[in-house]
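Participant: I'll drop the sequence and a predicted model, then ask my questions.
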Amino acid sequence: MSIDDKKIKELEIKANLIRESVIEMLLEAGSGHTAGPLGMADVFTYLYFHALKYDPKNPLWSDRDRLVVSNGHICPVLYASMAAAGYFPYSELLTLRKFGSILQGHPQREKLPAVETSSGPLGSGLSQTVGMALASRIDNGKNTFKNFFYCIMSDGELDEGQSWEAIMLAGKEKIGNLIAIVDRNYIQIGGSTEDVMPLSPLSQKWESFNWHVQEIDGHNFEALDIAFGRAKAEFEKPSVIIAHTIPGKGVAEFERNFEWHGKPPSKEEAKRALTELRTLGGKIISEHQ
Amino acid sequence: MIPDSKKLNPKIFDNDVERISVRVGFGQGLLAAGELDEKVVGLCADLTNSTQMNLFAKKFPNRFIEVGVAEQNLASVASGVAAMGKIPFIASYAMFNPGRNWEQIRTTICFNNVPVKIIGSHVGVSVGQDGGTHQALEDIAMMRVLPNMVVISPCDSLEAKKATMACAKTNIPTYIRLARENTPIITTEETPFEIGKAQVFFEPSSGKVDVGIIATGTLVYKALVVAKKLEAEGMGVKVLNLSTIKPIDADAIISLSKEAGAIVTVEEHQIQGGMGSAVCEVLTMNNPVPVEFVGVNNQFGQSGKPEELLEFYGMGESHIIEAVKKVVKRK
């Protein structure tokens, strides 16, 4: 069943609210990453409010889908999505990066068991997702998919050799219920991905490791819906969705600038950003139209 | 003399004492653990025969995952397997597991506190001819520094089997280091083993303890031989087998230090950061007595025969005797 216009509109408004939460959290924390969380707000919104099987009141429900966020530094968007999904009160978001918070600067599972793993050191999330999927296969057999195993990765973390070790293993094992999502925003901390360590041609790399590959506009909910539908329909291969996103998406002055990878907005910048996002809230033009 | 209660191998001091590689005990232990508990999963980085994981892999192909020569992936895949409620064992040479994949072990296993069991084979210079690249001498230091990690260094094949089976029942990360060479069987099936408990394997017949030797791994055997020799010379030696290095059996160490007044530590590992250092962390805070270290002193290994390398790097019987005599003088 494909997604309808009403649902798309609903998701777009939701994503915008999550972007507002991200700005508010970063302003209060005084440190953290801005570009990635804003850029991935649509993907997270799609996952949490249309795709993932979960129960916020029973976060360790054994039949839930698993979502591993390998690039832990974009956790503000993860936390904002989880608050919106009802895992914890919104008020918790303003404790980001503070002493005693469940919302650590990078996710820590012992503080927040509702996240599937601790992450931040790049390149190991996909390995863990592969391990989860293979463990599930031991219990359920190769062709019984009780749930899906999602891994969100940054493009920059594909510099890590371990990423490719995991990609190779998933291809070997033909893990049909594994879906990786690469945030293809072309920036990393030191500049453009293509300057720091070129990844192009990225699709061909994944394809040659025996993955089912799709490249989409990561801000277009209709495209996301089609891509996730196709990924789920691929039983014989793991799937990767290379989601092209605009770093800092939603706030014009942050967009497409790698300098926003790892810094938070100032008070003035946050004020302008929130004004911009709140203005958009009333008159969103759908990306898919 | 050997305390009766420890039920050690009666042929321990015979010339024809049976010699089996410690890693064989791991292979048998994993198979037995797998038979007892279907949650046990094996993962390997293309060294199933060398690490003896082949027994398990053959018996339980559905619970075995071959990741190829990729130890970083090995550790993190196992973290994911453990997150699903399994008890994964990951095996390779210690130089690569935990040598190559330390950060993955720290973040994805210890920081998450999931029950991945890390098996590092081919430790120490007694790996022999493969040379220094393959002789793990730093693994105890790397693993004992990690919060949540248990570190076990079995003295023989039977103890390795017991350690493997015991750690399959715990819900925390564990590292077990295994030697490659065939080494004497010190214990029997009846010898007590408990994670976290050191065992006295030799005590003076006279009851008078002049020195305590704390040994770990296959060098426990040399420590016992030395204790017997020195007893003939009239020196009372008590030998503690410290197979669990973390959590360390502080009570046993403090009690031995009070009885003996001087300690020698014996390990096939760098002195810096190894088991001896761990013992001294206990002693300095509780009962500082003179200590001498037998181990590798800030060097890398090289190719050679196991025995000649142990001699060259200062871990032969003569070196233990020398350390004992030196430490007694410092009392």
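Facilitator: Structure received.
Participant: Can you name every helix or strand that the helix ranked longest in chain B contacts?
Facilitator: In chain B, ranked by residue count with DSSP state H as the criterion, the top helix is helix B:22-36. Packing partners of helix B:22-36 (3 or more Cβ pairs under 8 Å, 6 or more residues apart in numbering or on different chains; DSSP states H and E): strand B:40-44, helix B:48-51, helix B:54-59, strand B:87-93, strand B:117-121, helix B:157-167. (Each C-beta comes from the backbone N, C-alpha and C, glycine too.)
Participant: mind listing what's buried in stretch B:241-257?
Facilitator: B:241-246, B:248-250, B:252-257 (16 or more other Cβ atoms under 10 Å in any protein chain shown).
Participant: Repeat that for stretch B:302-311.
Facilitator: The neighbour-count check on stretch B:302-311 (16+ other Cβ under 10 Å) flags B:304, B:306, B:309-311 as buried.
Participant: residues touching the closest residue to chain B within the stretch 151-289 of chain A, list them.
Facilitator: Closest to chain B within the stretch 151-289 of chain A is A:Glu165: 3.6 Å, counting by Cβ to the nearest Cβ. Counting by Cβ atoms under 8 Å, 6 or more residues apart in numbering or on different chains, A:Glu165 touches A:127, B:67-68, B:70, B:72-73.
Participant: now whatever helix or strand it lives in: mean pLDDT?
Facilitator: In the assignment (DSSP states H and E), A:Glu165 maps to helix A:161-173. Taken as a whole, helix A:161-173 carries a mean pLDDT of 98.
Participant: buried set for that helix?
Facilitator: Neighbour-count burial for helix A:161-173 [16+ other Cβ under 10 Å]: A:162-171, A:173.
Participant: Can you name the residue of the stretch 101-250 of chain A nearest to chain B?
Facilitator: A:Gly131 (2.4 Å).
Participant: measure that residue to A:His106 for me?
Facilitator: To A:His106, A:Gly131 is 20 Å away according to Cβ to Cβ, to the nearest Å.
Participant: now A:Pro56
Facilitator: Distance, A:Pro56 to A:His106, by Cβ to Cβ: 22 Å.
Participant: And for B:Ala91?
Facilitator: In this view, B:Ala91 and A:His106 are 30 Å apart by Cβ to Cβ.
Participant: residue boundaries of the strands in the stretch 101-250 of chain B?
Facilitator: For the stretch 101-250 of chain B, applying DSSP state E, counting those that start in this stretch gives strands covering B:117-121, B:150-152, B:174-177, B:182-184, B:199-202, B:211-215, B:237-241, B:244-246.
Participant: what do you get for chain A?
Facilitator: A:66-69, A:149-154, A:178-184, A:187-188, A:191-192, A:212-217, A:239-244 (DSSP state E).
Participant: could you redo the ones you listed as TSV and give each row mean pLDDT?
Facilitator: TSV is the format used below for those (pLDDT from 0 to 100):
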stretch	mean pLDDT
strand A:66-69	98
strand A:149-154	98
strand A:178-184	98
strand A:187-188	94
strand A:191-192	93
strand A:212-217	98
strand A:239-244	98
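Participant: Show me which residues of the stretch 201-331 of chain B sit near chain A.
Facilitator: By the rule Cβ under 8 Å from any Cβ of the partner chain, no part of the stretch 201-331 of chain B lies against chain A.
Participant: Where do the helices of the stretch 201-331 of chain B begin and end?
Facilitator: Under the criterion DSSP state H, counting those that start in this stretch, the stretch 201-331 of chain B contains helices at B:220-232, B:250-260, B:275-286, B:306-312, B:317-329.
Participant: coming back round to it: using PDB, write out every CA atom in the helix holding A:Glu165.
Facilitator: Extracted in PDB, the C-alpha atoms of helix A:161-173 (Å, rounded to 0.1, in the frame of the first residue of the first chain):
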ATOM      1  CA  GLY A 161      37.500  -0.400   6.600                       C
ATOM      2  CA  GLN A 162      35.200  -2.200   9.100                       C
ATOM      3  CA  SER A 163      32.200  -0.900   7.200                       C
ATOM      4  CA  TRP A 164      33.300  -2.900   4.200                       C
ATOM      5  CA  GLU A 165      34.000  -5.900   6.300                       C
ATOM      6  CA  ALA A 166      30.300  -5.800   7.400                       C
ATOM      7  CA  ILE A 167      29.100  -5.100   3.800                       C
ATOM      8  CA  MET A 168      31.000  -8.100   2.600                       C
ATOM      9  CA  LEU A 169      29.700 -10.400   5.300                       C
ATOM     10  CA  ALA A 170      26.000  -9.300   4.700                       C
ATOM     11  CA  GLY A 171      26.500  -9.900   1.000                       C
ATOM     12  CA  LYS A 172      27.900 -13.400   1.600                       C
ATOM     13  CA  GLU A 173      25.100 -14.300   4.000                       C
END
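Participant: before we move on, the earlier item: quick one: which of B:Ala91 and A:His106 has more around it?
Facilitator: Taking neighbours as other Cβ atoms under 10 Å in any protein chain shown, B:Ala91 and A:His106 compare with B:Ala91 leading, 30 against 18.
Participant: From chain A, how far off is the more buried one?
Facilitator: Separation of B:Ala91 from chain A (Cβ to the nearest Cβ, to the nearest Å): 15 Å.
Participant: quick revisit: I would like the residues contacting the longest helix of chain B, please.
Facilitator: Helix B:22-36 is contacted from outside by B:40, B:42, B:50-56, B:59-60, B:63, B:87, B:89, B:91, B:119, B:121, B:154-165, B:168, B:176, B:178-180, B:183, B:217-218, using Cβ under 8 Å, 6+ apart.
Participant: Kindly supply the ChimeraX command isolating those of those that are buried.
Facilitator: A single ChimeraX command selects the buried members of these (16+ other Cβ under 10 Å):
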select /B:40,42,50,51,52,53,54,55,56,60,63,87,89,91,119,121,154,155,156,157,158,159,160,161,162,163,164,165,168,176,178,179,180,183,217,218
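Participant: Quick check: pLDDT value at the nearest residue to A:Ile8 once chain neighbours are set aside.
Facilitator: Nearest residue to A:Ile8, sequence neighbours excluded (Cβ to Cβ, 6 or more residues apart in numbering or on different chains): A:Phe221, at 4.7 Å. In this prediction, A:Phe221 carries a pLDDT score of 96.
Participant: what about A:Phe221, neighbour count?
Facilitator: A:Phe221, neighbours per other Cβ under 10 Å, totals 26.
Participant: ok, now which ones touch B:Ser121?
Facilitator: Going by Cβ under 8 Å, 6+ apart, B:Ser121 touches B:23, B:26, B:47, B:50-52, B:91-94, B:178, B:180.
Participant: what does B:Val151 give?
Facilitator: By Cβ under 8 Å, 6+ apart, the neighbours of B:Val151 are B:140, B:143-144, B:174-175, B:177, B:244-246.
Participant: List the beta-bridge partners for it.
Facilitator: Applying DSSP bridges to B:Val151 gives these bridge partners: B:Tyr175, B:Lys246.
Participant: Please list the residues of chain A that sit near chain B.
Facilitator: Taking Cβ under 8 Å from any Cβ, the part of chain A that reaches chain B is made up of A:68, A:108-110, A:116-121, A:123-124, A:127-136, A:138-139, A:161-162, A:165-166, A:168-169, A:172.
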